[in-house]
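Colleague: Show me the folded form of this:
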Amino acid sequence: MEAQQSPEQLQAALSNADATLSESLHAASKAAREGPGAAPEWARQLGQQIQGLTDKVQGLTNTVEEQRQEILGLRRELNPYRAAAARSHNARVASEDSQLLALPDAAGNIPAGFPPTRRALYGLGAEEIKVLLLAYGVQPYDHECTSSFSARTADRTGPPSTPVSGPAA
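Modeller: Purely as a prediction, here's the structure:
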């Protein structure tokens, strides 16, 4: 059984190994620069192994990128279903403190500031409502409309009895 080495001995052994490896790599580099006939066999093999590993890493990188693109495509395809599920769930939320499902935008992202509960939804101010509408690609048509929504719902415990709608056609 080998005796345990002291930290100083381990450091010296690591320094020696590092120096040996550095010398070997320097010699391989020099031989490669001098031409294919000058490099020793082990240096050529090392170069081939490194090239093989480089090719494998590139192949894995390509595979990961292809899978990432596929996932993004699937996410885009599922987005309408995610939005429908969120709308359906949120329409049935009974309690002010029940969690809402975040509604994704057309790109599948959840806008910052999406209210987590019905209480938080009814507590949104006019500017917060405008930001959310714009995030969903809806141009707010009337600042008073969003203000009146906040005012009408400030003292309510449930949803407004009449939905906020645009100007009559």
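Colleague: Tell me where the model's unsure across this protein.
Modeller: 1-7, 9-10, 14-15, 21, 31-39, 142-169 (pLDDT under 70).
Colleague: Longest helix of it, counting residues only.
Modeller: For the chain, the longest helix by residue count, based on DSSP state H, is helix 41-91.
Colleague: Mind giving me the packing neighbours of it?
Modeller: Judged by 3 or more CB pairs under 8 Å, 6 or more residues apart in numbering; DSSP states H and E, helix 41-91 is in contact with helix 7-34. All C-beta atoms are positioned from the backbone trio N, CA, C, and that covers glycine.
Colleague: about what we covered before: what's the offset of the longest helix of the chain from the middle of its chain?
Modeller: 13 Å (CA atoms, centre = their mean, to the nearest Å).
Colleague: likewise stretch 20-27?
Modeller: 41 Å.
Colleague: Is I129 in contact with P140, as I believe?
Modeller: Yes. Taking CB atoms under 8 Å as the definition, I129 is a contact partner of P140 at 7.4 Å.
Colleague: higher neighbour count, those two?
Modeller: Counted by other CB atoms under 10 Å, I129 and P140 do not tie: I129 has more neighbours, with 20 against 14.
Colleague: buried sites along the strand or helix carrying the more buried one?
Modeller: Using DSSP states H and E, I129 maps to helix 126-135. Buried residues in helix 126-135, counted by 16 or more other CB atoms under 10 Å: A126, E128, I129, K130, L132, A135.
Colleague: SS state for the nearest residue to the last one once chain neighbours are set aside?
Modeller: By that I understand A135. Excluding its sequence neighbours, the residue lying closest to A135 (CB to CB, 6 or more residues apart in numbering) is P111, at 3.4 Å. On the three-state scheme (DSSP: H, G, I helix; E, B strand; the rest coil), P111 is labelled coil.
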